[in-house]
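In: Give me a 3D structure for the following:
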Amino acid sequence: MTIRLFVLSVLLLVVAACNRNPLEVIVSRCPAVAVVGDLGTFTKFEGSGQTTDDVAFTASIHQIQSDCDEGSSVVGQTSFEISAQSGPALKNRSLTLPYFVAVLKDNSQIVSKKIFETTLVFDENGYAVSREVVGQFIPTIDQTRRYNYEVLLGFQIDPQDVVFNLQR
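Out: From the prediction side, this is the model:
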């Protein structure tokens with residue numbers, strides 16, 4: 001009988017020590033951050049062909065980190081890397097790439113879209129990287145309670161480059 005009482009006491013202490021409701025749901029009002037699938041990589045060709053000899057560079061967006069402060073408004077900060085590898089057709093050691101940051105409401109309505117530029121300088125191995133930081137601001141917490149916001153990143157590219165991305 002004392003063993004049962006001891007086991008029951010230990011079990012009650014363990015349950016009491018948890019002191020956390022496993023069914024508790026914490027809702028974050030911070031926007032989710034993602035890269036638009038076909039716009040997260042960009043291969044630039046020089047010349048008339050699309051062979052490996054015509055590749056100037058291939059760039060990608062990665063290493064995404066998001067930080068957010070939820071007060072009377074929601075202030076977010078997203079940082080990410082844009083890196084590129086040079087190809088045989090690259091003519092300059094540096095290039096400027098446009099990228100966009102869009103804020104969507106309820107996964108469909110574009111609230112804002114801004115186009116930024118980054119300059120990449122290639123090293124002797126043909127590699128370049130830039131760390132970018134952008135901020136988002138949702139003015140009131142009431143807006144974030146009503147709608148789901150998300151931040152989308154991607155390269156601002158021409159229609160023919162989009163077609164190449166879809167085909168690869």
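In: alpha carbons only for contacts and neighbour counts from here, please
Out: Fine.
In: what about residue 65, which SS state?
Out: Classification of residue 65 using DSSP: H, G, I helix; E, B strand; the rest coil returns strand.
In: Confirm for me that it is in contact with residue 78.
Out: Yes: look at residue 65 against residue 78 with Cα atoms under 8 Å: they come within range, at 5.7 Å.
In: So between those two, which is more surrounded?
Out: Neighbours of residue 65 and residue 78, each counted by other Cα atoms under 10 Å, are more numerous for residue 78; the result is 18 against 13.
In: Apart from its neighbours in sequence, what residue is nearest the more buried one?
Out: Using Cα to Cα, 6 or more residues apart in numbering and skipping residues adjacent in sequence, the residue nearest residue 78 is residue 66, 4.4 Å away.
In: for residue 102, same thing?
Out: residue 113 (4.1 Å).
In: Next, count neighbours for residue 90.
Out: Under the criterion other Cα under 10 Å, the count of neighbours that residue 90 has is 19.
In: mind listing what the residue nearest to it when sequence neighbours are not counted touches?
Out: Ranked by Cα to Cα, 6+ apart and with sequence neighbours excluded, the top spatial neighbour of residue 90 is residue 56, at 4.1 Å. In this structure, residue 56 makes contact with 43, 44, 45, 46, 86, 87, 88, 89, 90, 91, judged by Cα atoms under 8 Å, 6 or more residues apart in numbering.
In: next helix or strand past the host helix or strand of residue 56?
Out: Element membership of residue 56, judged by DSSP states H and E, is strand 55-70. Moving toward the C-terminus from strand 55-70, the first helix or strand encountered (DSSP H and E) is strand 74-86.
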